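Asker: The sequence and its predicted three-dimensional model are supplied below.
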Amino acid sequence: MARIRPLARTDGVLTEDVDDEVIVYDERTDVACRLNRTAALVWRKCDGTHTVEDLVRVLEADVGDIADEDLVLVTLDYLSEQRLLESGYARRDEASSRLSRRRLIQSAGAVGVAAAVLPMVHSVVAPPPAAAMSVILGY
């Protein structure tokens, strides 16, 4: 995993910090993604220089013992799925991703961590401008 150095996509995206979360709007696809605190921390540190191990340490400082390789990899899978990574990480096959999610949920339960620590990336397709305007005008 040391060779994995993910790079967050910055071209064609707009971001807005909302408390400890980040809203990322993809101008290419008109999709807005809400990254919770965990996903936002990882995404912000995906600068092409940080390894998975570095990202684990970043999360450890914030969320404690639950931070491990599975937490980082699951987060990177979610970010990759939403096309929020430019390079440096290829989304894993479904079986590997599912295994990491299972181990992550088991360890979260074992240490009694709140669900808020688990990475969440929610996406919403934004309506095209003409459709949005028709709602405002009452058409």
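Answerer: Arrived safely. Values in this document were obtained by computation on a predicted structure and should not be read as measured data.
Asker: next one: phi and psi at residue 15?
Answerer: phi -130, psi 150 (degrees, to the nearest 10).
Asker: pretty sure it is touching residue 22, no?
Answerer: Yes. Contact criterion CB atoms under 8 Å: residue 15 and residue 22 qualify, at 5.7 Å. Any C-beta I mention is one placed from the backbone N, CA and C, and that applies to glycine too.
Asker: The two: which is more packed in?
Answerer: Between residue 15 and residue 22, residue 22 has the larger neighbour count (other CB atoms under 10 Å), namely 20 against 16.
Asker: Show me what that one bridges to in the sheet.
Answerer: Counting by DSSP bridges, residue 22 is bridged to residue 17, residue 35.
Asker: wait, it sits on residue 14?
Answerer: No. The criterion here is CB under 8 Å, and residue 22 misses it with residue 14 at 10.7 Å.
Asker: And for residue 97, nearest residue in space, chain neighbours not counted?
Answerer: Excluding the flanking residues, the one nearest residue 97 by CB to CB, 6 or more residues apart in numbering is residue 77, at 4.9 Å.
Asker: ok, how many other residues are close to the one you found?
Answerer: 22.
Asker: for residue 16, same thing?
Answerer: The burial count for residue 16: 11, using other CB under 10 Å.
Asker: Give me the distance between it and residue 31.
Answerer: 14 Å (CB to CB, to the nearest Å).
Asker: now do residue 56
Answerer: 28 Å.
Asker: Pull out the buried residues from the longest helix along the chain.
Answerer: Identified as the longest helix of the chain according to DSSP state H is helix 94-111. Neighbour-count burial for helix 94-111 flags 97, 100-101, 103-104, 108 (criterion: 16 or more other CB atoms under 10 Å).
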